[in-house]
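Engineer: pasting the structure only:
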């Protein structure tokens with residue numbers, strides 16, 4: 001989460017003054033605060049419902065006004081998406097969203113947080129899902145293994 005917030009502020013510095021207190025605490029290495037707990041509960045509630053959108057990088061969510069794209073409190077990702085950002089920056093944002101999603105669902109003990117999305121698991125081919133998850137994890141590994149370079153930089157692969 002700290003790397004994501006740092007990279008977002010590097011690319012979108014206009015959000016530094018309105019950053020969620022939980023993100024501020026994480027950036028300051030204060031990970032055991034009430035604000036961080038509130039932030040974790042926020043993403044724990046929101047991310048599982050967007051499981052397939054994040055997994056399949058569904059850009060339609062950024063143009064659908066009925067979908068809440070405040071994937072971090074105070075940051076409207078649909079607004080970020082409409083700015084002139086590179087395809088690489090978009091890819092890295094997807095990978096961070098996926099990484100947070102996988103971290104959140106790894107801590108889930110029941111499927112209630114998935115909401116209506118849970119029904120989609122019943123309809124999807126298990127092998128297809130397994131293949132997509134493996135592919136996503138490999139891509140994340142490649143994106144985040146860039147020898148310390150900021151993945152948001154225009155020169156990043």
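Structural biologist: Yep, it's here. Here the structure is a predicted model, which is why all the values come from computation and not from measurement.

Engineer: need the contact list for the residue nearest the centre of the chain.
Structural biologist: The geometric centre of the chain, computed from its C-alpha atoms, lies nearest to residue 97 (Cα atoms, centre = their mean), at 1.5 Å. The contact partners of residue 97, by Cβ atoms under 8 Å, 6 or more residues apart in numbering, come to 47, 50, 54, 71. Placement of C-beta: from N, CA and C, glycine included.

Engineer: what's the weakest-modelled helix or strand in this structure?
Structural biologist: Least confident helix or strand, the chain: helix 117-123 with a mean of 53, by mean pLDDT, DSSP states H and E.

Engineer: one step back: turn the contacts of residue 97 into a markdown table, columns for pLDDT, neighbour count and secondary structure.
Structural biologist: As requested, those are exported to a markdown table (pLDDT from 0 to 100; neighbours: other Cβ atoms under 10 Å; DSSP: H, G, I helix; E, B strand; the rest coil):
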| residue | pLDDT | neighbour count | secondary structure |
| --- | --- | --- | --- |
| 47 | 92 | 22 | helix |
| 50 | 93 | 20 | helix |
| 54 | 94 | 23 | helix |
| 71 | 97 | 23 | coil |
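
Engineer: Point out where this protein drops to low pLDDT.
Structural biologist: 107-129, 132-133, 137, 140, 143-157 (pLDDT under 70).

Engineer: so where do the helices sit in it?
Structural biologist: Using DSSP state H, the helices found in the chain span residues 2-11, 21-27, 34-46, 51-55, 77-82, 87-106, 117-123, 126-144.

Engineer: Let's have those helices in TSV, adding distance to residue 61.
Structural biologist: Supplementary listing: these in TSV, determined by distance: least, Cβ to Cβ, whole Å:
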stretch	distance to residue 61
helix 2-11	18
helix 21-27	21
helix 34-46	12
helix 51-55	5
helix 77-82	8
helix 87-106	10
helix 117-123	13
helix 126-144	17
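
Engineer: Nearest to residue 65, out of those?
Structural biologist: Ranking the helices of the chain by proximity to residue 65 (Cβ to Cβ) places helix 77-82 first, at 8.5 Å.

Engineer: Kindly provide the distance from residue 104 to residue 47.
Structural biologist: Going from residue 104 to residue 47 by Cβ to Cβ, to the nearest Å gives 5 Å.

Engineer: contacting residues around residue 63?
Structural biologist: Neighbouring residues of residue 63 by Cβ under 8 Å, 6+ apart: residue 78.
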